[in-house]
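Chemist: Fold the following and give me the result.
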Amino acid sequence: MSKTDSVLFSRYNKVLIVTLNRPRVRNAVDSATAAALAEAFKEFEGDDALCAAVLTGAGGTFCAGADLREVADGRRTAIDESGPGPMGPTWLQLSKPVIAAVEGHAVAGGLELALWCDLRIAARDAVFGVFNRRFGVPLIDLGTVRLPRMIGQGRALDMILTGRAVSGEEALQMGLVNRLVDPGKALAVAQEMAHALAAFPQHGLRADRMSLYEQWSLPWDEAQRNELKHGLRVLASGESRAGAQRFASGEGKHGSFRNKPET
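Modeler: Take a look at the predicted model:
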């Protein structure tokens, strides 16, 4: 992993924890931090020993967005259209899941980082919002694409046009957040979920995940064929037969569900 104090890394068995570590500026992302984040998730993608990741922020805040002080001084690195994303990994499509653990504010580009993640675990007092609206800064990390697909166009327009603050409770109601937890518990719950995902058979999990993402740009018939393509690869891997054999031997009897993560 890239060595920088602004992004910290911890590995726990098959799970990587990535922490934004600029608490004095509420984890605002400058150019160096964006580059470090992108590099971290590229390395996560290429590491076969890692199956899931958690993205979080130090000091009780997820991320306040891009560091506008850098923008004001004209020091922000120019945007590379073929790059991983202005906020770091936001234009990357990984093959493995990432979970956002949100405490405090996830606003502006920080909201876009949370949207990039597959799932969002948030504290009840977390705050989401397009706060960049008030400063004339556009969403360029796929916020205008991911947000309406996640919560619907009407709600997305409400957030994008008004720039208002959205509480954790409202975020859960609109589908922006997947789980709501007590303050201070987001990272622990996200990490527990990441370990649970990492404990599943990985071929099937990743194939279904990727088919879901790819279907957005495909007509119905092509989406059906694409799903089948992914599914056939899973079947050919032997993973499904091994799972069926476990089922036949009694695992999952009467609907019981046991998924024991390595922690």
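Chemist: mind listing what's buried in stretch 57-72?
Modeler: Buried residues in stretch 57-72, defined by neighbour count with 16 or more other Cβ atoms under 10 Å: 57, 61-68, 70. Quick note: C-beta positions are derived from backbone N, CA and C, even for glycine.
Chemist: and what of stretch 132-139?
Modeler: Result for stretch 132-139 [16+ other Cβ under 10 Å]: buried residues 132-133, 137, 139.
Chemist: Repeat that for stretch 33-44.
Modeler: In terms of neighbour count (16+ other Cβ under 10 Å), stretch 33-44 has its buried residues at 33-42, 44.
Chemist: which among the residues you listed gets closest to Met87?
Modeler: Lowest distance from Met87 to the buried residues of stretch 33-44 (Cβ to Cβ) belongs to Ala34, with 5.7 Å.
Chemist: which one is the closest one nearest to, not counting chain neighbours?
Modeler: Computed as Cβ to Cβ, 6 or more residues apart in numbering, the closest residue to Ala34 that is not its neighbour in sequence is Gly88, at 4.2 Å.
Chemist: Correct me if wrong: that neighbour contacts Val29.
Modeler: Yes - contact criterion Cβ atoms under 8 Å: Gly88 and Val29 qualify, at 6.6 Å.
Chemist: before we move on, back to that, out of the buried residues of stretch 132-139, which one sits closest to Asp118?
Modeler: Relative to Asp118, the closest of the buried residues of stretch 132-139 is Leu139; by Cβ to Cβ it sits at 19.4 Å.
Chemist: what about that closest one, is that helix, strand or coil?
Modeler: coil (DSSP: H, G, I helix; E, B strand; the rest coil).
Chemist: phi, psi of His195?
Modeler: Reported as degrees, to the nearest 10, the phi and psi values for His195 are phi -60, psi -40.
Chemist: per-residue confidence for it?
Modeler: pLDDT, His195: 98.
Chemist: quick one: it from Gly65, how far?
Modeler: Distance of His195 to Gly65, given as Cβ to Cβ, to the nearest Å: 29 Å.
Chemist: repeat for Leu139
Modeler: As judged by Cβ to Cβ, Leu139 and Gly65 stand 10 Å apart.
Chemist: Identify the contacts common to these two.
Modeler: Both Leu139 and Gly65 are in contact with Asn132, where contact means Cβ atoms under 8 Å, 6 or more residues apart in numbering.
Chemist: Show me the strands in the protein, by range?
Modeler: Applying DSSP state E to the chain gives strands spanning 7-12, 15-20, 52-57, 98-102, 105-107, 119-123, 127-129, 166-167, 179-181.
Chemist: how about these in a markdown table, adding mean pLDDT?
Modeler: Below are the strands of the chain laid out as a markdown table (pLDDT from 0 to 100):
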| stretch | mean pLDDT |
| --- | --- |
| strand 7-12 | 96 |
| strand 15-20 | 98 |
| strand 52-57 | 98 |
| strand 98-102 | 98 |
| strand 105-107 | 98 |
| strand 119-123 | 98 |
| strand 127-129 | 98 |
| strand 166-167 | 98 |
| strand 179-181 | 98 |
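Chemist: want to try TSV for the ones you listed, with distance to Gly154 as columns?
Modeler: Below are the strands of the chain laid out as TSV (distance: least, Cβ to Cβ, whole Å):
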stretch	distance to Gly154
strand 7-12	36
strand 15-20	31
strand 52-57	28
strand 98-102	23
strand 105-107	20
strand 119-123	20
strand 127-129	16
strand 166-167	14
strand 179-181	22
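Chemist: ok, the closest residue to Arg241 other than its chain neighbours - how many residues close by?
Modeler: Closest residue to Arg241 apart from its sequence neighbours, by Cβ to Cβ, 6+ apart: Leu235 at 7.9 Å. Look at Leu235: counted by other Cβ atoms under 10 Å, it has 13 neighbours.
Chemist: do the one 5 residues further on as well
Modeler: A total of 15 residues lie near Ser240 under the criterion other Cβ under 10 Å.
Chemist: Make sure it is actually in contact with Val234.
Modeler: Yes - applying Cβ under 8 Å, one finds Ser240 in contact with Val234, separated by 5.9 Å.
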